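S.K.: predicted model, plus sequence, below.
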Amino acid sequence: GENVEQHPSTLSVQEGDSAVIKCTYSDSASNYFPWYKQELGKRPQLIIDIRSNVGEKKDQRIAVTLNKTAKHFSLHITETQPEDSAVYFCAASIERYSTLTFGKGTMLLVSP
Amino acid sequence: NAGVTQTPKFQVLKTGQSMTLQCAQDMNHNSMYWYRQDPGMGLRLIYYSASEGTTDKGEVPNGYNVSRLNKREFSLRLESAAPSQTSVYFCASSLKYFGPGTRLLVL
């Protein structure tokens, strides 16, 4: 089955800096890659997703890149703010089979 | 439009007790999922239902059963709770929307 590795497990940045979280996946058939943000005590919330026919997608301060050849994808957050502090999860899916495999998460801490 | 709802929010059980976690969605999605979240383990799929009338095992199904009652509702049952089932349980609808979670403590 699919295996998703996520790094780093924790990431501390200063407000205004950029943050990058990286994930690798094992199944070359995976074609859907969402990212979730989970604040303490809250539910995971989808923040951005990308499909395998696209190499990059942006939404304001966040962007996701995908390298299908290397089987890795990354989340980029620019101009970080304290409210970006949360745990971020990547996931991979073969969409036709309709299940997600999650990475173990990255705790992002943004200091003012 | 409530999205995905779960009941109860919190529950304490004794070892061997049974309970059912309820989940409902009002977005007319075909697929629904049950995950458990444990510290350092991310989200692990317990069971899922790709469409009404079908259910399938995920990564960690042992000790659980599910029922897809109709398109809106997908319940998770613990027949004989064990301390290893202490966790936060999330229901999800489609691949995108999560419920608020149920925090379960088994003593």
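M.R.: Great, that's in hand.

S.K.: please make it C-alpha for all contacts and neighbour counts, starting now.
M.R.: Will do.

S.K.: chain B contacts on chain A?
M.R.: Applying the criterion CA under 8 Å from any CA of the partner chain, the portion of chain A that neighbours chain B consists of A:42-46, A:89, A:98-105.

S.K.: quick one, which of those are buried?
M.R.: The neighbour-count test (16 or more other CA atoms under 10 Å in any protein chain shown) applied to these identifies A:43-46, A:89, A:98-105 as buried.

S.K.: in contact with residue 15, which residues?
M.R.: Looking at chain A here, since you left the chain open. A:Glu15 is in contact with A:Glu79, A:Thr80, A:Gln81, A:Pro82, A:Val110, A:Ser111, A:Pro112, counting by CA atoms under 8 Å, 6 or more residues apart in numbering or on different chains.

S.K.: wrong one, I was asking about chain B
M.R.: By CA under 8 Å, 6+ apart, B:Thr15 lies in contact with B:Ser80, B:Ala81, B:Ala82, B:Pro83, B:Val106, B:Leu107.

S.K.: does it lie in a helix or a strand, and which?
M.R.: Take DSSP states H and E as the rule and B:Thr15 turns out to sit in neither a helix nor a strand.

S.K.: distance of it from B:Val106?
M.R.: Here B:Thr15 is placed at a distance of 6 Å from B:Val106 (CA to CA, to the nearest Å).

S.K.: quickly list what's touching both of the two.
M.R.: Counting by CA under 8 Å, 6+ apart, the shared contacts of B:Thr15 and B:Val106 are B:Ala81, B:Ala82, B:Pro83.

S.K.: mind listing residues that contact the one helix or strand A:Val13 maps to?
M.R.: Secondary structure assignment for A:Val13, by DSSP H and E: strand A:10-14. Contacting residues not belonging to strand A:10-14 are listed as A:Ala19, A:Thr80, A:Thr106, A:Met107, A:Leu108, A:Leu109, A:Val110, A:Ser111, A:Pro112 [CA under 8 Å, 6+ apart].

S.K.: mind redoing it with 10 Å?
M.R.: If you take CA atoms under 10 Å, 6 or more residues apart in numbering or on different chains as the criterion, strand A:10-14 is touched by A:19-21, A:79-82, A:85, A:87-88, A:105-112.

S.K.: for the next helix or strand after that strand, output the C-alpha coordinates as CSV.
M.R.: Following the chain from strand A:10-14 toward its C-terminal end, the next helix or strand by DSSP H and E is strand A:19-25. As requested, C-alpha coordinates have been extracted for strand A:19-25 and formatted as CSV (Å, rounded to 0.1, in the frame of the first residue of the first chain):
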residue,chain,number,x,y,z
ALA,A,19,8.4,27.7,5.8
VAL,A,20,8.7,24.5,3.7
ILE,A,21,7.3,21.1,4.6
LYS,A,22,8.2,18.1,2.4
CYS,A,23,6.5,14.8,1.8
THR,A,24,7.4,11.7,-0.3
TYR,A,25,5.1,9.0,-1.4
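
S.K.: dig out what the residue positioned nearest the centre of chain B forms beta bridges with.
M.R.: With distances taken as CA atoms, centre = their mean, B:Trp34 lies nearest the centre of chain B, 3.6 Å away. Beta-bridge partners for B:Trp34, by DSSP bridges, are B:Tyr47, B:Cys91.
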